[in-house]
Every structure is written in C-alpha cells, then in structure tokens.
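1. model the structure of this input:
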Amino acid sequence: MMSPALTLLLYGLAGCTGGLLALRTGIPAAPLAGALLGAALVSISGRLEVAAWPTGTRTALEIAIGTVIGTALTAAAVSELQQLWKPALLITLTLVLTGVVIGLWCSRLLGINPVVALLGAAPGGISGMSLVGAEFGVGAAVAALHAVRLITVLLVLPLVVKLLPQP
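-> Next comes the predicted model:
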C-alpha cells in the first residue's frame, strides 16, 4: 500500500504532465483541461488509490480560483459593463434558462441524476461547477460533462469565428 502523500504526488505529476502537454496545443484553458485529463486517466486506470486530499484543500482551491477570476474584473471591465449590461443580462438569462431546461430534459430522457444534469448543463466554467458539484457529492461527473463541453467549444468555436466575415 502506497502512502497517501505519495499517491497525491503521483496524481499531481499526472496533472502537471497533462497540463503542460495540453499547453502545447494552444487552445484556451488547455492547462486546466490537460491537468484534468492527466489526473483522470491515472484515476481511471485503477493503479492508484482514490486521492485523499488533506482537510481544507478544496477551500484553498476555491479561494485560489476565486482570486484568479476576481483579478480579471478590472475597472476597465466594469466600465465596459455600462455599455454591455443589456447583452450580458440577456446572455446570462438565456444560458441559465437553457441550462435548466436541457439539464432537466437530460435527466428525464436519459435517466441521469438531476443534480449532475443541472450542474453539467450549467453555463459556468469547469472549475467552478466541479467545485459546486463536489459540494453535492457529484463533482467528478460534473467535471466530466464540463470537460466534454469545454473541449468541444474550444475546438469548434474558434473555427466558427474564423469563418465569420471580419469587420
């Protein structure tokens, strides 16, 4: 039996390796998706025990993620919201409503846990929604749904943008 510290180190190495390899692809959020994939592959392999993170780890990560997101809210970004508040409101309401409808629809039609379906269909980012999912005991499933969504969006939307006529 391997020590919990060594298990966490190996998961960390798998995540770092996946993140660094994905970084070479040039797609947005590649390090996050790559780290998730790297650690998930090791976990799925069954060669290591499930990671037992020290108490407070999730709280520290939530604080770190909140800090990273918070630093993007600059005075210039808030100033832009004076002009963009209407589209921001419309986009947000549409995405949340669509996510709820699709989540409930998937839950009923496909028989999956409604919490997984709702959080998986939510418009939030993979890290935030996975942390919310972890609060309900479904973090891994929510992360998997968001990883598929994120990777698909990151591959498809840049192609769509390139096809649009440039102003």
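2. off-centre distance for stretch 131-144?
-> 10 Å (C-alpha atoms, centre = their mean, to the nearest Å).
3. tell me the SS of residue 27?
-> coil (DSSP: H, G, I helix; E, B strand; the rest coil).
4. who touches the residue nearest to it when sequence neighbours are not counted in this structure?
-> For residue 27, ignoring the flanking residues on the chain, the nearest one in space by C-beta to C-beta, 6 or more residues apart in numbering is residue 154 at 4.6 Å. To be clear about C-beta, it is placed using only N, CA and C from the backbone, and glycine gets the same treatment. Residue 154 makes contacts with 27-30, 33, as judged by C-beta atoms under 8 Å, 6 or more residues apart in numbering.
5. next one: residue 30
-> Under the criterion of C-beta under 8 Å, 6+ apart, the neighbours of residue 30 are 19, 22-24, 154.
6. can we see that at 6 Å?
-> With contact taken as C-beta atoms under 6 Å, 6 or more residues apart in numbering, residue 30 is in contact with 22-23.
7. sorry, back to before: now, which of the contacts of residue 154 sits nearest residue 40?
-> Of all the contacts of residue 154, residue 33 has the smallest distance to residue 40: 10.3 Å, by C-beta to C-beta.
8. rewinding a little: now which of the contacts of residue 154 would you call buried?
-> Taking 16 or more other C-beta atoms under 10 Å as the criterion, what is buried in these is 27, 29-30, 33.
9. rewinding a little: quickly note the distance from the residue nearest to residue 27 to residue 21.
-> Remark: distance between residue 154 and residue 21 (C-beta to C-beta, to the nearest Å) = 15 Å.
10. residue 90 too?
-> Separation of residue 90 from residue 21 (C-beta to C-beta) stands at 38 Å.
11. these two - which one has more neighbours?
-> Using other C-beta atoms under 10 Å, the more surrounded residue of residue 90 and residue 21 is residue 21, with 15 against 10.
12. so that one is in which element?
-> helix 4-23 (DSSP states H and E).
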